[in-house]
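[1] Here's my sequence, what's the structure:
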Amino acid sequence: MTESSLGIQEYLETYIPDLVAKRMGEKPVSDMEGTDFTLNVTIKGEKTFSFGISIKDAKEISVIEGGIENPMLEVVLSEDFVKPLVDLASSFTGRKQYDAVSQTKGTVDFEVGMPGDWTLPVQAVFNGASQPSLRIAGSSSDLARIATGELNGPTAFMQGKIKFEGDMAFGLSLGSIFM
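    Reported below is the predicted structural model:
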């Protein structure tokens, strides 16, 4: 992983700690004084890297590049798992996509088929609108290829690579976001 590593690294070093700290602030856990939960996250691929996450007293979180020795829990993810998610997020970087997203209203429930036969549910709510709504199901690799323009959405639908349920006119309007 070359270019994508920076996004993942920033995610692990900044976003996750901020998210956990916010969650701990909203819902404090009692009776956790003197505890230190440790977790290592390793992403294996062209470039393998690890980060350790330590949560002390259910209040303080720190991220240690390279990992923690003898963590309580270790999670190993394949680059194949992470790359489609990074590709999808990266696809929204142009002015055309920004303009399309800023004008879209509605909700899309994605059912992303992941390697290892499990489904990752992801909900996208555009500009706070719950309607119209649509469910899109497909593999992580096919959805990432659509998001990056490598695969045409209508073609993927016609080939049975993705499935839609709900407001089809709304679904067709989403093409301006991914093209």
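[2] G153 versus S133, what's the distance?
    Distance from S133 to G153, counting by CB to CB, to the nearest Å: 17 Å. For every residue, glycine as well, the C-beta is placed using N, CA and C.
[3] Of those two, give the one with the bigger neighbour count.
    G153 (25 against 16; other CB atoms under 10 Å).
[4] So the more buried one sits against K161, correct?
    No - between G153 and K161 there is no contact, the gap being 9.6 Å when judged by CB atoms under 8 Å.
[5] Would you mind identifying the helix or strand in this structure with the lowest mean pLDDT?
    Using mean pLDDT, DSSP states H and E, the weakest-scoring helix or strand in the chain turns out to be helix 3-10, at a mean of 54.
[6] And the strands in this structure?
    Here the chain has its strands, by DSSP state E, at 36-44, 49-56, 60-65, 73-78, 106-114, 118-126, 133-139, 162-166.
[7] Mind listing what's buried along the second one?
    Of the residues in strand 49-56, 49-55 count as buried by neighbour count, 16 or more other CB atoms under 10 Å.
[8] Output the residues you listed as TSV; include the columns distance to Y98.
    As requested, those are exported to TSV (distance: CB to CB, whole Å):
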residue	distance to Y98
F49	30
S50	34
F51	30
G52	36
I53	32
S54	37
I55	36
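[9] Using TSV, please lay out those together with distance to S173 and pLDDT.
    What follows is those, written out as TSV (distance: CB to CB, whole Å; pLDDT from 0 to 100):
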residue	distance to S173	pLDDT
F49	39	81
S50	42	85
F51	39	85
G52	44	89
I53	40	86
S54	45	88
I55	42	85
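[10] and of these, the nearest to I146?
    Using CB to CB, F49 comes nearest to I146 of the buried residues of strand 49-56, at 28.0 Å.
[11] Please tell me how far the closest one sits from L39.
    Noted for F49: a distance of 15 Å to L39, by CB to CB.
[12] For the nearest residue to F164 once chain neighbours are set aside, which residues are in contact?
    Excluding the flanking residues, the one nearest F164 by CB to CB, 6 or more residues apart in numbering is G171, at 5.1 Å. G171 sits next to 134, 136, 164 when contact means CB atoms under 8 Å, 6 or more residues apart in numbering.
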